[in-house]
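Colleague: I'll drop the sequence and a predicted model, then ask my questions.
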Amino acid sequence: MKKTISWPVLIGLALLPSLVLATPAPGRVLGAACAACHGTDGQPLPAADALPLAGMNPQVFELKMLAFRSGQAPATVMHQIAKGYTEAQIQAMAAFFADQPKGAGRAR
């Protein structure tokens, strides 16, 4: 008995590597939620009253988020936002923002 693979399956298998490579890093996806206040890729607009996250030391980012999450740091909304993330998600965002260039900014 001869087994054959259909063309759609072959095309799907051929495209699989490009789909995997095109998947954004988890920190980028999670960090997108920060853009409203902290700007694209952690670089707020000049007139914004938000802390730049781009280039921040990842340990500092993690400590700040954990302090917001526990209620140890004063905040307006960050204590509620931080409660929505696990420690692994906070670490992923910390790594993403640490890799972003300070002050370079993109069109927002």
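Modeller: All right, it came through fine. Remember, predicted model here, so these are calculated numbers, not experimental data. Residues are numbered from 1 along each chain as shown.
Colleague: Look at the residue lying closest to residue 81 once chain neighbours are set aside and give its secondary structure.
Modeller: Among residues not flanking residue 81 along the chain, residue 68 sits closest, at 7.4 Å (C-beta to C-beta, 6 or more residues apart in numbering). Backbone N, C-alpha and C define where each C-beta goes, glycine included. Per DSSP: H, G, I helix; E, B strand; the rest coil, the local secondary structure of residue 68 is helix.
Colleague: do residue 73 as well
Modeller: Applying three-state DSSP: residue 73 is coil.
Colleague: residues contacting it?
Modeller: 64, 67, 79 (C-beta atoms under 8 Å, 6 or more residues apart in numbering).
Colleague: What is the nearest of the residues you listed to residue 92?
Modeller: Set against residue 92, the nearest of those by C-beta to C-beta is residue 64 (15.2 Å).
Colleague: which residues sit in contact with the closest one?
Modeller: With C-beta under 8 Å, 6+ apart, residue 64 has these contacts: residue 73.
Colleague: neighbours of residue 102, just the number please.
Modeller: Neighbourhood size, residue 102 [other C-beta atoms under 10 Å]: 12.
Colleague: Tell me how many other residues crowd the residue lying closest to it once chain neighbours are set aside.
Modeller: Spatial nearest neighbour of residue 102, chain neighbours left out: residue 55 (3.5 Å); criterion: C-beta to C-beta, 6+ apart. When neighbours are counted by other C-beta under 10 Å, residue 55 registers 15.
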